[in-house]
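Peer 1: Coordinates only, no sequence provided:
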C-alpha cells in the first residue's frame, strides 16, 4: 500500500502486463507529489498460437523498448483461460465458505483446487420466497496454465507481485476516472479479440461477471466471409475505416456497406447477451438498471461497433478513458484512445489503496 507519507515522494508502481488473445501490453505508472504519471508503455501483436518461448522473447523485447523500472510486475491471464461460475450458497462464515466453494469448484467445474487457484467474491444476497442465499462469483485457473504463465515471467527475470483477474483490473482502472452514477451501479464491457466481458459493480463492488465468446475475431471472421478476403486484409480495412472514416477507392461504398452488413448479426447477438446479463442483475439483486455502460478494449473507439450496440441495447455506451488525467502520456497511450490499456493500467494500480487511486484521478 502507499500511505500518505510516501504520497509526496516519487513511487514507481509495478509493471502491469496484460496477456491478451492477440496482443501483449505492458504499462507502468509512477506517482510524484500525488500525481499519476506514465513511466512506460509498450505493446506487441501476438498470434494466439504463440509458444511460451515466443511470448518470453516478446516480453524481453518490450521491456527493453521503454524506460521500465525494476522487475516487479502484476499480470493477468486471458479471460478465456479462466473458468467462471455463479454459485448460490447458504450464508456461512468465511472459513466455511472457502471450503464450500472449493467443493463446488470441483463438482461443477471438474476443477481440483489443489491443482490450481480459485478466487471468489460475495456478490450479494438473493431472496427467493422465505430463503436467502449468497450469490458467489467463482474464478478458477488451472495449475498447468499458471505454471506456464509463471515460466514465461521467470524466463525474463520478472518478479510477479500478484496474478490479478482482468475484471478486477478493469474496474480499478475505470473507477478512477468515472464519476459514480446514482445508486452506485456501473457496467463495464470489454470487447477484446477472443471475446467480450461484462461486469456490473455496485458501489465499486463487483456483483456480476460474464465472459461472452463474441469479440473482434468474431467480427473479423464475419467480414472476411462476407467479402471473401483473408483476416489480415480485414484488419487493414478496419484500420482504414477507424482512422480515416472511409476507404478511398472506387469500390469504397460497396465495401463499407458490406462491412456494416457483415457486422450486424454478431453485434445483434452480442447486444442480446449483454441485455440478458443486465436483466439478470436487475432481477436477481432487485437493482437499478445502469444508465451508462463504459466500454474498453480495442473496439471501444470503433463507431461501426459502438453505434449498433448503443441502438440495439437501448443504453448509452461511452468509450472509457482509463488514462485520462495521467501525465507524460505518449502517442500510443493518448487518453482519447486509451480503452485498450484498461487492464494493463488496472494491473499497475494493484496494491494502491482506494483512497490513493481516487486521489490520483
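Peer 2: Yep, that arrived. The shown structure was predicted, so the numbers you read here are calculated from the model rather than taken from an experiment. Numbering: from 1, shown residues only.

Peer 1: for the one helix or strand residue 89 maps to, packing partners?
Peer 2: With secondary structure defined by DSSP states H and E, residue 89 is part of strand 83-90. If you count contacts as 3 or more Cβ pairs under 8 Å, 6 or more residues apart in numbering; DSSP states H and E, strand 83-90 packs onto helix 94-109, strand 116-128, strand 131-142, strand 205-212. The C-beta positions use only the backbone N, C-alpha and C, and glycine is treated the same way.

Peer 1: how many degrees apart are the helix or strand following the shortest one and strand 205-212 in direction?
Peer 2: If I follow you right, that is strand 205-212. Note on strand 205-212: by DSSP H and E, the next helix or strand toward the C-terminus is helix 216-227. Interaxial angle of helix 216-227 relative to strand 205-212 (axes from the mean of the first three to the mean of the last three Cα atoms, to 10 degrees): 30 degrees.

Peer 1: still on that earlier bit, highest mean neighbour count across the helices and strands packed on strand 83-90, which stretch is it?
Peer 2: Each of the helices and strands packed on strand 83-90 was assessed for mean neighbour count using mean count of other Cβ atoms under 10 Å. The highest is strand 205-212, with a mean of 20.

Peer 1: what does that one contact?
Peer 2: 79-80, 82, 84, 121, 123-124, 135, 137, 167-168, 171, 195-201, 270, 273-274, 277, 280-281, 285, 287 (Cβ atoms under 8 Å, 6 or more residues apart in numbering).

Peer 1: Please list only the buried members of the residues you listed.
Peer 2: Buried members of the contacts of strand 205-212, counted by 16 or more other Cβ atoms under 10 Å: 79, 82, 84, 121, 123-124, 135, 137, 167-168, 171, 195-201, 270, 274, 277, 281, 285, 287.

Peer 1: ok so, going back, just the buried positions in the strand holding residue 89, please.
Peer 2: Buried positions in strand 83-90, judged by neighbour count with 16+ other Cβ under 10 Å: 83, 84, 85, 87, 89.

Peer 1: Excluding chain neighbours, give the residue nearest to the first one in space.
Peer 2: When you say that, I think you mean residue 83. Nearest non-adjacent residue to residue 83, counting by Cβ to Cβ, 6 or more residues apart in numbering: residue 140, 4.3 Å away.

Peer 1: what sits against the one you found?
Peer 2: With contacts taken as Cβ under 8 Å, 6+ apart, residue 140 has the following neighbours: 82, 83, 84, 85, 105, 109, 111, 113, 116, 117, 118, 119.

Peer 1: same question for stretch 283-300, mean pLDDT?
Peer 2: Regarding stretch 283-300, the rounded mean pLDDT is 89.

Peer 1: Can you mark which positions in that stretch are buried?
Peer 2: Of the residues in stretch 283-300, those buried by neighbour count under the rule 16+ other Cβ under 10 Å are 284, 285, 287, 290, 293, 294, 295, 296, 297, 298, 299, 300.

Peer 1: Tell me the one among those residues nearest to residue 314.
Peer 2: Each of the buried residues of stretch 283-300 was checked against residue 314 using Cβ to Cβ; the closest is residue 293, at 10.6 Å.

Peer 1: Give the buried residues for the helix or strand harbouring residue 162.
Peer 2: Assigned by DSSP H and E, residue 162 belongs to strand 159-164. Along strand 159-164, the positions that meet the burial threshold by neighbour count (16+ other Cβ under 10 Å) are 160, 161, 163, 164.

Peer 1: Equivalent analysis for stretch 34-50, please.
Peer 2: Within stretch 34-50, the residues scored as buried using 16+ other Cβ under 10 Å are 36, 37, 38, 39, 40, 41, 42, 43, 46.

Peer 1: helices and strands around the strand holding residue 162, which ones?
Peer 2: Secondary elements touching strand 159-164 (3+ Cβ pairs under 8 Å, 6+ apart): strand 72-76, helix 143-155.

Peer 1: Return the most buried member of those.
Peer 2: Neighbour counts (mean count of other Cβ under 10 Å) averaged over each of the helices and strands packed on strand 159-164 peak at strand 72-76, with a mean of 23.
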